[in-house]
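Asks: Just the structure for this:
(one chain, ligands or ions: 3)
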Amino acid sequence: MKKNNIVLVGGGSTWTPGILKAMTTHLDQFALNRVVLYDINSDRQAVIGQFAEILFQEEAPNVEVIYTTDKAVAYNDVDFVFCQMRTGGFDMREQDEKVPLSLGVIGQETCGPGGFAYGLRSIRDMVEMVQDVRRLSPNAWILNYTNPAAIVALALDKLFPDDTRILNICDQPVNLMRSYAKLIDRDVNTLEPEYFGLNHFGWFTAIYDENGVDVATEIKDIVKNGGFRPVDAEQRDQSWLDTYAMVEDMLNDFPDYLPNTYLQYYLYPDYKLSTLDPNYTRTDEVRKGREQKVFGECKRIVENGTARDSSVVHNDAHGDMMVEVAASIANNLRKTYIVIVRNDGIVSNLDDDVMIEVAASLGKNGPHPYAVGNIDTFYKALIENQHGFEKLTVEAYLEGSYTKALQALTLNRTVVDAKKARKVLDKLIEANKGYWPALN
Ligand SMILES: NC(=O)c1ccc[n+]([C@@H]2O[C@H](COP(=O)([O-])OP(=O)(O)OC[C@H]3O[C@@H](n4cnc5c(N)ncnc54)[C@H](O)[C@@H]3O)[C@@H](O)[C@H]2O)c1
Ligand SMILES: O=P(O)(O)OC[C@H]1O[C@H](O[C@H]2[C@H](O)[C@@H](O)[C@@H](O)O[C@@H]2CO)[C@H](O)[C@@H](O)[C@@H]1O
Ligand SMILES: [Mn+2]
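Replies: Ligands and ions are numbered 1, 2, ... in the order given. The predicted model follows:
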């Protein structure tokens, strides 16, 4: 098996220790020669980088570990880029959530105006990353997890249409699959999904077990009676438990398919707004929770010189998926993953340029998506509206267009009212000075 050189962009991310741990436990599936962590923030990078050195020294001493803030080191001779950057960090995530909430609109990092603001920040850094990687490692696979993945995917598809080695992925479908599997007491690896939609905006239409039986109805019947929880509920903050509980409402209203949890913001914007605190949002929860825990634990491990006693830095759906996706490509395993690809007829009654999220076989030539066919009016209309929002967001960025930005926000189901959209847009422009292009 080929030993891969990989770089983690956003090496100082809160998710990095879990991903590194997953790498050390998947070496038989995804062999490693060199792991580079790259971040623009040297302080964050140093903490996680020193942890990485200890982890690999203990678990895989033959793998070279480097942490750096130098792109030339990071992107040189790479086989796989795992990208998970957050332009503007948690300070700007806080603005994405609190600015809309201050004006009575949903504040969420990937949905609605928050996702719009984050998208306009992410595009610039993501484009730069692709250009840098391609200069130094023309054949590297770029596996992107950076959010808002829907907007990032659309922008990269528009700007690098011939680059067939960029793949955008979200871990939420896998996390939902793991949660369903627990609900019906099955091994998730025996289940095969059918899925369509946009990122953070899709539905499972079927889930087949190893005998070809669709178990979606069994899952829906349990969820509709309440008590749906994430597989890793004991590690979750209350807001995530509330989010999973909303799947029951969605299914009772729209029983056709199992919905992605993020649809709650688009289907029940008034109710969700009434539950959100403009002064204490998910960013506050993450900073007090995951960020402190991860950085505190990495510092403790560095002081003690061992990671062997650590239960905080563990595998999770996110890390496992990132490594398993890379393994499926590197070793041509052609396993099924839900990924984001250009539609090009997969959903027959949607435009070709929509970046859809769909199940695909993943091998050395990339994703081969499974055909979906025609989708029903309700789903088609929801997706086309949301795609309009995403497309106009990308065009607003590329053209520096205030009008397109206003159109995008007005289309979004969490906003709708154009006067509200204008107020939110103007306040977001102020908050994002230095990150966004000028919008005229
Ligand atoms: N696709 C998914 O399903 C999924 C799942 C989890 C996280 N994510 C995404 O992963 C990213 C990291 O999330 P987090 O909560 O750990 O955030 P974080 O702020 O802890 O980590 C992001 C890191 O990226 C760094 N960074 C910012 N700009 C950079 C650039 N231009 N180049 C290199 N590094 C840069 C920051 O300094 C920071 O250390 C976010 O985009 C998040 O939305 C996606
Ligand atoms: O609010 P955060 O920062 O905790 O999470 C935002 C991310 O939420 C989803 O990711 C899940 C993931 O699906 C699951 O496997 C587990 O690792 O928890 C994550 C969240 O806690 C979403 O898919 C991502 O896009 C978000 O970045
Ligand atoms: Mn996601």
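Asks: Now do residue 159 against residue 388, distance only.
Replies: Counting by C-beta to C-beta, to the nearest Å, the gap between residue 159 and residue 388 amounts to 19 Å. To be clear about C-beta, it is placed using only N, CA and C from the backbone, and glycine gets the same treatment.
Asks: In terms of pLDDT, where does residue 310 sit?
Replies: On the pLDDT scale, residue 310 is placed at 89.
Asks: Do I have it right that it meets residue 304?
Replies: No: the pair residue 310 / residue 304 is not scored as a contact, 9.2 Å apart, by C-beta atoms under 8 Å.
Asks: Just want to know which of those two has more residues nearby.
Replies: Ranked by neighbour count (other C-beta atoms under 10 Å), residue 310 and residue 304 place residue 310 first, with 18 against 12.
Asks: show me the contacts for the more buried one.
Replies: Going by C-beta atoms under 8 Å, 6 or more residues apart in numbering, residue 310 touches 297, 300, 301.
Asks: Make TSV from those residues and add secondary structure, neighbour count and distance to residue 127 to it.
Replies: As requested, the contacts of residue 310 are exported to TSV (DSSP: H, G, I helix; E, B strand; the rest coil; neighbours: other C-beta atoms under 10 Å; distance: C-beta to C-beta, whole Å):
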residue	secondary structure	neighbour count	distance to residue 127
297	helix	18	34
300	helix	14	38
301	helix	23	35
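Asks: Which one of the residues you listed is nearest to ligand 1?
Replies: residue 297 (14.0 Å; C-beta to the nearest ligand atom).
Asks: quick one: contacts for the closest one?
Replies: Taking C-beta under 8 Å, 6+ apart, we find residue 297 in contact with 17, 310, 312, 313.
Asks: Let's see that with 7 Å instead.
Replies: 310, 312, 313 (C-beta atoms under 7 Å, 6 or more residues apart in numbering).
Asks: and the gap between it and residue 353?
Replies: Using C-beta to C-beta, residue 297 is found at 43 Å from residue 353.
Asks: ok, back up a step: dump the contacts of residue 310 to JSON lines, plus pLDDT and distance to residue 10.
Replies: Output for these, formatted as JSON lines (pLDDT from 0 to 100; distance: C-beta to C-beta, whole Å):
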{"residue": "297", "pLDDT": "97", "distance to residue 10": "18"}
{"residue": "300", "pLDDT": "97", "distance to residue 10": "22"}
{"residue": "301", "pLDDT": "97", "distance to residue 10": "20"}
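Asks: From one end of stretch 209-223 to the other, what's the distance?
Replies: In stretch 209-223, first residue to last residue: 18 Å (C-alpha to C-alpha, to the nearest Å).
Asks: Chain neighbours aside, what residue packs nearest to whichever residue of the stretch 1-150 of the chain sits closest to ligand 2?
Replies: Per C-beta to the nearest ligand atom, the residue of the stretch 1-150 of the chain with the smallest distance to ligand 2 is residue 147, at 5.0 Å. Leaving aside its chain neighbours, residue 147 sits nearest to residue 110 (5.0 Å; criterion: C-beta to C-beta, 6 or more residues apart in numbering).
Asks: Looks to me like the one you found is in a strand.
Replies: No: under DSSP: H, G, I helix; E, B strand; the rest coil, residue 110 sits outside any strand and is assigned coil.
Asks: Please tell me how far the residue lying closest to residue 209 once chain neighbours are set aside sits from ligand 2.
Replies: Spatially, and ignoring its direct neighbours in sequence, residue 209 is nearest to residue 215 (5.3 Å; C-beta to C-beta, 6+ apart). Noted for residue 215: a distance of 21 Å to ligand 2, by C-beta to the nearest ligand atom, to the nearest Å.
Asks: Which residues are in contact with residue 215?
Replies: 184, 207, 209.
Asks: So what's the residue count around the last one?
Replies: Summarising burial for residue 209: neighbours were counted as other C-beta under 10 Å, giving 16.
Asks: that older thread, count of residues packed around the residue nearest to residue 147?
Replies: For residue 110, using other C-beta under 10 Å, the count is 22.
Asks: Now do it, the pLDDT please.
Replies: Predicted confidence (pLDDT) for residue 110: 98.
Asks: what's the distance between it and residue 119?
Replies: 9 Å.
Asks: What of residue 369?
Replies: 23 Å.
Asks: and those two? which has more neighbours close in?
Replies: For residue 369 versus residue 119, neighbours defined as other C-beta under 10 Å are more numerous around residue 119 (28 against 23).
Asks: Buried residues, the helix or strand harbouring that one. List them.
Replies: In the assignment (DSSP states H and E), residue 119 maps to helix 112-136. Using 16 or more other C-beta atoms under 10 Å as the test for burial, helix 112-136 gives 112-123, 125-127, 129-130, 132-134.
Asks: gap between the next helix or strand after it and the chain center?
Replies: As assigned by DSSP H and E, the chain's next helix or strand after helix 112-136 is strand 141-144. Its chain's C-alpha centre and that of strand 141-144 lie 12 Å apart, by C-alpha atoms, centre = their mean, to the nearest Å.
Asks: What strands line up against strand 141-144, and which way round?
Replies: strand 80-83 (parallel), strand 166-168 (parallel) (DSSP bridges).
Asks: what about the one residue in the stretch 101-250 of the chain that gets nearest to ligand 1, how many neighbours?
Replies: Residue of the stretch 101-250 of the chain nearest ligand 1, by C-beta to the nearest ligand atom: residue 147 (3.2 Å). Look at residue 147: counted by other C-beta under 10 Å, it has 22 neighbours.
Asks: contacting residues around it?
Replies: 109, 110, 118.
Asks: Also residue 75?
Replies: By C-beta under 7 Å, 6+ apart, the residues touching residue 75 are 7, 132, 133, 136, 137.
Asks: Of the residues you listed, which is the nearest to residue 290?
Replies: residue 7 (22.8 Å; C-beta to C-beta).
Asks: For stretch 402-420, buried residues please.
Replies: 402, 404-415, 420.
Asks: Report the contact partners of the nearest residue to residue 335 once chain neighbours are set aside.
Replies: Closest residue in space to residue 335, ignoring its immediate chain neighbours: residue 328 at 4.6 Å, by C-beta to C-beta, 6+ apart. By C-beta under 7 Å, 6+ apart, the contact set of residue 328 is 335, 337, 362, 363.
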